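Student: Could you work out the structure for the sequence below:
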Amino acid sequence: MNSTSHPPGTNATQPRGQVSVSPEGEVFSLPTPSDLAQENQRLQELVRAQRALGREIVVVMGVGFVGAVMAGVVADAVHRETGEPLYFVIGMQRPSPRSYWKIPYLNRGQAPVEAEDPEVAPLIARCVNEKQTMTATFSYDALALADIVVVDVQCDYHKNALGDVRDGHAEIRALEESLKIIGKKIAPHCLVVIETTVPPGTTEYVAYPILKKAFEARGLSVNLDVPENDQNSEKLVLEHQPGVEPLLAHSYERVMPGREYVASIRDFWRVCAATNPEARDKVVRFLSNVLNVEKYPLTVLDRPIESETCKIVENSYRATILAFMDEWSRFSERNGVDLLKVIEAIKVRPTHDNMIFPGPGIGGYCLPKDGGLGVWAYNTLMGFEDDIFKITPLAIDINDTRSLHVAQLVRDALRNMGRIVAASRVAILGASYRQDVGDTRYSGSEIVVRKIAEMGGEIVVHDPYVKRWWELERQESYPGPGKSWARFFRNQEGLSNLKMAEDLASALAGVDAVVLAVPHQPYKALTPDQVVEMIGAPAAIVDCFGLLTDEHIARYFELGCEVKGLGRGHIQRIKKQVKNSIK
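Tutor: Below is the predicted model of the structure:
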């Protein structure tokens with residue numbers, strides 16, 4: 001696992017296919033076939049020593065955004081009476097050029113994910129270097145050593161068109177291939193817990209048959225035929241013979257980026273279900289050992305499809321409410337209404353106190369896609385041909401395209417100042433999908449940037465939490481080849497060279513327009529005078545998240561700026577008031 005430091009973003013001297021480069025630019029040689037035997041020997045020795053200490057072995061398959069921290073939480077779990085560690089965790093990642101660097105990172109106690117949560121880095125370092133309850137590997141043979149396998153392999157939804165989620169499909173091939181390997185490797189007593197957000201029915205209709213067939217091929221099968229007159233057959237909780245039936249469960253995560261990253265795994269409510277009673281007992285025991293179930297009790301459902309549906313409905317509900325607010329945002333803009341004040345007036349009612357301002361799209365990894373997984377599952381896994389889903393896909397389509405309206409507001413504000421987008425420099429303040437985090441996955445800001453680039457505008461971006469915007473910088477391969485949103489727009493080539501501005505003053509200097517895209521705390525603290533001073537002249541100001549008070553809006557007009565805002569239809573009224581006061 002030799003590494004060489006390179007400046008971030010530079011090319012290594014070795015051929016790209018033989019190395020893995022971390023986001024910081026550190027280069028790691030990919031393991032060769034001769035490395036495998038040595039790695040397996042290392043794992044066997046570690047596991048032998050850990051079992052002598054009475055610890056169970058947990059393999060976390062996939063150490064990305066969820067898996068890396070889940071591995072740390074499990075490795076940090078202790079017996080409630082003795083304080084002794086309960087588990088030894090092996091984080092497993094396939095040795096690809098894109099992901100292999102995570103293994104040496106973890107093995108030296110360095111978190112492979114960036115997080116605003118100050119608990120993440122110490123958690124990983126403590127488990128690897130101090131407690132020595134965690135390691136990482138590229139070897140699939142680690143699965144044969146496991147008592148429990150937690151599957152955190154990504155399951156995405158590919159959209160063929162922007163604004164039409166029905167024209168797309170769930171990408172479950174990587175999950176299927178992982179399950180095939182698991183079925184070939186694990187011991188019969190091993191519990192497999194799918195933590196990935198998956199299309200409803202995946203555990204029962206995809207994962208279970210794969211594991212069952214693998215067990216049969218290994219000579220571990222029994223006759224599991226269910227009589228046709230068995231009224232319980234639809235429950236898919238199959239008659240179980242210990243050591244032969246796959247022990248399979250589903251328990252989805254509710255990870256939230258930000259300063260409560262670890263707590264959103266360890267100290268939060270969890271749902272689970274399993275395919276048979278023994279698997280159910282094992283998953284309940286496992287989750288009860290590693291999570292704070294005393295304060296946040298488990299919800300145990302009858303079937304995995306119910307647990308899977310929970311996650312899809314949970315996120316689709318949130319996405320639908322935000323999409324619903326989009327039409328009222330448009331209504332407000334066209335009829336002199338300040339949606340922000342409307343929402344605050346409604347929120348005094350306890351039943352509506354979680355209503356939020358919609359912003360420029362929803363972003364994040366889950367909400368833009370999860371409803372699509374449900375629609376796809378209904379038509380594909382279950383085989384239904386009728387069209388029962390109306391609201392769920394429409395909500396995704398509305399949220400995916402809402403950011404396009406921001407570019408229209410930029411256009412209109414510049415027009416009011418006698419300018420056009422194609423001859424303007426536009427500053428986007430905020431690249432992440434939500435406030436005070438650095439997560440840029442499917443952020444509304446990305447669509448804003450891409451649309452303004454399509455219109456010919458020059459773009460500068462600042463975000464205090466984002467160092468590299470991979471969706472732009474590596475758009476030819478990120479989030480995967482042919483999957484970038486760049487494919488929906490023209491004139492995108494130059495965005496690969498876009499770098500994050502290091503400070504706000506340099507980002508704003510000389511711009512024609514400013515888009516307040518994300519309500520980061522540093523942006524909330526800005527005054528109009530500060531912004532105009534950093535720009536050096538009046539500019540178009542577009543507020544996407546209700547950051548500006550009426551006083552701020554009035555002051556911008558006094559300074560000669562033009563102001564627009566999502567859902568802020570009263571802005572024109574303030575403009576007239578300022579104009580009349582100046583006369």
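Student: in the chain, what spans have low per-residue confidence?
Tutor: 1-17, 221-243, 583 (pLDDT under 70).
Student: Give me the domain ranges for it.
Tutor: Domain ranges of the chain: 18-226+233-309, 402-582, per automatic domain parsing.
Student: Residue 395 is nearest to which of these?
Tutor: Counting by Cβ to Cβ, residue 395 lies closest to domain 18-226+233-309 out of the domains of the chain; the figure is 9.0 Å. Glycine gets a C-beta too; all of them are placed from N, C-alpha and C.
Student: Okay, helices next: where are they in the stretch 1-150 of the chain?
Tutor: 33-52, 67-76, 102-107, 120-125 (DSSP state H, counting those that start in this stretch).
Student: For the third one, which helices and strands make contact with it?
Tutor: Meaning helix 102-107. Packed against helix 102-107, as judged by 3 or more Cβ pairs under 8 Å, 6 or more residues apart in numbering; DSSP states H and E, are the following elements: helix 67-76, strand 87-92, strand 134-137.
Student: buried ones in the longest one?
Tutor: What that stands for is helix 67-76. 67-76 (16 or more other Cβ atoms under 10 Å).
Student: re earlier: do you know which of the helices of the stretch 1-150 of the chain lies nearest residue 299?
Tutor: Here helix 67-76 is closest among the helices of the stretch 1-150 of the chain (Cβ to Cβ), at 18.4 Å.
Student: Which strands and helices lie in contact with the closest one?
Tutor: Against helix 67-76 (3+ Cβ pairs under 8 Å, 6+ apart) you get strand 56-61, strand 87-92, helix 102-107, helix 120-125, strand 134-137, strand 148-151, helix 263-266.
Student: Quick one: work out the angle between that helix and strand 56-61.
Tutor: If you take axes from the mean of the first three to the mean of the last three Cα atoms, to 10 degrees, helix 67-76 sits at 170 degrees to strand 56-61.
Student: Show me what helix 67-76 is in contact with.
Tutor: Here helix 67-76 makes contact (Cβ atoms under 8 Å, 6 or more residues apart in numbering) with 58, 60-61, 63, 85, 87-89, 91, 102, 106, 111-113, 115, 120, 123-124, 126-127, 131, 133-134, 150, 152, 195, 253, 255, 261-262, 265-266, 290-291.
Student: Give me the buried subset of these.
Tutor: Buried among these (16+ other Cβ under 10 Å): 58, 60-61, 63, 85, 87-89, 91, 102, 106, 111-113, 115, 120, 123-124, 126-127, 133-134, 150, 152, 195, 253, 255, 261-262, 265-266, 290-291.
Student: what's the closest non-adjacent residue to the residue most central in space within the chain?
Tutor: In the chain, the centroid-proximal residue (Cα atoms, centre = their mean) is residue 365; its distance is 3.2 Å. Nearest residue to residue 365 in three dimensions, chain neighbours excluded: residue 441, at 4.7 Å (Cβ to Cβ, 6 or more residues apart in numbering).
Student: isn't that neighbour right next to residue 362, touching?
Tutor: No. Applying Cβ atoms under 8 Å as the test, residue 441 and residue 362 come out as separate, 11.1 Å apart.
Student: Find residues that contact each of the two.
Tutor: Common contact partners of residue 441 and residue 362 (Cβ under 8 Å, 6+ apart): residue 433.
Student: can you pull out the helices in the stretch 301-450 of the chain?
Tutor: Using DSSP H, counting those that start in this stretch, helices in the stretch 301-450 of the chain cover 304-334, 339-346, 370-380, 391-401, 403-416, 444-454.
Student: will you turn these into CSV that also has distance to residue 434?
Tutor: Below are the helices of the stretch 301-450 of the chain laid out as CSV (distance: least, Cβ to Cβ, whole Å):
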stretch, distance to residue 434
helix 304-334, 12
helix 339-346, 17
helix 370-380, 16
helix 391-401, 13
helix 403-416, 14
helix 444-454, 10
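Student: what's the most buried one of the ones you listed?
Tutor: Among the helices of the stretch 301-450 of the chain, helix 444-454 has the highest mean neighbour count (mean count of other Cβ atoms under 10 Å), at a mean of 26.
Student: Whichever helix or strand comes after that helix vs helix 444-454, what angle?
Tutor: Per DSSP states H and E, the first helix or strand lying C-terminal to helix 444-454 is strand 458-462. On the basis of the same axes, to 10 degrees, strand 458-462 is oriented at 160 degrees to helix 444-454.
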